[in-house]
Each structure stands twice: as structure tokens, then as C-alpha cells.
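Chemist: coords below, sequence missing:
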């Protein structure tokens, strides 16, 4: 079964673009990444999948069900963590968590207690008094206490310190091994690389790539760092040149022998040739609309 399936999904806010002709398919049980810069359309996609906003055209199904016709039944099986967590003022943490469970008509007290202990969350505090990171922890408990089949997570780690981020992803991997589908929207590329099996990249509301993470990261380009008074701007395959005094850095996707011959024309005091990091690879996708490096 497909946990998520969209076809030609389109949404505009007046004249402002949300998403355009989005075709997306996520298998049940996947740990799936959804990558894009701010404003690319990630949150719009998630809100449509939750039935919070209506698409202008196209179709979408979640866990094999139509969103419009079976919204209430679907939300019982979905956990949603928004990028910003806002609660009713004056409520205590335990009251917010109980309200969330009550909306799903489930007794989640045991699981909620375990999650609060795991994330060092004080249930007696008022939500108005919490830091941004602790409000995010409350959102995590609300989203996961009912053991959802599908977790829709929109920029979930903002505000969490590194230890809590590590604990959060440990929890997600546990849930995924138990069969839950994880849909992780993020612009933090290391989160995608270390946790996801497949990922889709979205830019300006359109899908520009979708594949296994290792396939997306595969590239012929290398990051070259060289020290010496050199000019490689005319060499085919050179781009993204950065110079600082006599230190030169650039991406190179041409013939390595041609590069060596060019470098040998002048004294070289230091040289390193490395695989580019994942961020550089994804930036290349965005700049070249999906063409391989």
C-alpha cells in the first residue's frame, strides 16, 4: 500500500504559488525525506495531506484513503508535527497532551509518560513558560503518543539541542522498524542523509528529483583545493571557483588527467581532491533543475 500518493497536485494562494503538478509516491513503511529551501512548497504539501487546506486541482490519498471523504478516520492514524508549535495559553503540559489524545479518543497516558521521561519534559509546567525547544518536545509527544501509522514531520528539530535531536531520531528509527511510515520535511541535509531511505527534492513548488538518497548524492564532481598561483577558469568541467590569496577551491567534473596536466604548469604547494559534501550536491540540483553534477 502507498502511505502517500499524489497526482498533479496544485495549490495557489491567490497569485502566489504553493505547489504545481506534484506527483509523489511514498510506500508504507518507508523513511522518506522531503527536501527544499524555505518557501519551496513543503508545508503546503503536508497541509493538503492533512486536509488543512484544499488543493486547486489534482488528487491525493493517504494510507489508501481519499483525504476529503475520510479525513477523521485518517487523522486517527496520522501524527503531525508542525514546524512551529502553538498551544492554548494557560494550559499545563499534561493538559495539552491529554487534549491531543482526547481528540483521537484514545488513552495514551502510558506512552505519553514514557515520551515525557525520554525527552526530559516537565508535565506540570505551563506551556506559556516553556522555551521554544520545550514547546517542540510537547509537539513531539502530541504527535507520537498514539503510535501513528504515518508521521508527517515538518522541520521537526528546530529548537531541539543536539542531544535531544539524537534522541528524537533514535525514536523515529524505532517507530520505523515497528512499521510506521516517516515523512520528514527538512532543509537540514544531514538529517536526510543519515536517516532516510529515499528523498524527493522540491523547488518553487515543483518536484525536481526523487530517488534513493545514495543515488541523489552520486556525482562525478570532486571538490579540489589547491595552493599556488593558478588559473583554471578555462579548463572544461571547472565551476564554483573560490579564491583567497593563493588558495583556490573549485568543483571539477572533467577529465582528471587534464586537471593534473593543467596544475603541473605551475608550482603547487598543496593539493587535495575530495568528494563534495551532500549540501554542495543538492545546491547543484537546485541551480541546475535536476541535472547531474
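Modeler: Right, received. Where do you want to start? On a predicted model such as this, the values are computed, not experimentally measured, just so you know. Numbering: from 1, shown residues only.
Chemist: Tell me which residues touch residue 172, please.
Modeler: 31, 151, 153, 182, 184, 195 (Cβ atoms under 8 Å, 6 or more residues apart in numbering). Bear in mind the C-beta positions are built from the backbone N, C-alpha and C, glycine included.
Chemist: contacting residues for residue 194?
Modeler: For residue 194, the contact set (Cβ under 8 Å, 6+ apart) comprises residue 169.
Chemist: That one: which element?
Modeler: Assigned by DSSP states H and E, residue 194 belongs to helix 189-195.
Chemist: and after that helix, which helix or strand comes next?
Modeler: Following helix 189-195 toward the C-terminus (DSSP H and E): strand 198-203.
Chemist: pLDDT (mean, whole number) over that next one?
Modeler: Over the span of strand 198-203, the pLDDT mean works out to 92.
Chemist: For it, which outside residues touch it?
Modeler: Strand 198-203 is contacted by residues 19, 22, 24, 26, 30, 32-37, 40-42, 45, 192, 207-213, 216, 282, 285-286, 289-290 when judged by Cβ under 8 Å, 6+ apart.
Chemist: and what of stretch 229-247?
Modeler: Outside stretch 229-247, the residues that reach it (Cβ under 8 Å, 6+ apart) are 225-228, 248-255, 258-259, 262-263, 266-269, 280.
Chemist: follow-up on the earlier one: select only the buried ones of the contacts of strand 198-203 in PyMOL?
Modeler: In PyMOL, a selection of the buried entries from these looks like this (16 or more other Cβ atoms under 10 Å):
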select buried, resi 19+22+24+26+30+32+33+34+35+36+40+41+42+45+192+207+208+209+210+213+216+282+285+286
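Chemist: Tell me who's in contact with residue 272.
Modeler: 224, 225, 226 are the contacts of residue 272 under Cβ under 8 Å, 6+ apart.
Chemist: Helix, strand, or coil at the second one?
Modeler: It stands for residue 225. What DSSP: H, G, I helix; E, B strand; the rest coil gives for residue 225 is strand.
Chemist: Which pLDDT value goes with the residue lying closest to it once chain neighbours are set aside?
Modeler: Residue nearest to residue 225 in three dimensions, not counting chain neighbours: residue 272, with 4.7 Å by Cβ to Cβ, 6 or more residues apart in numbering. Looking at residue 272, its pLDDT stands at 93.
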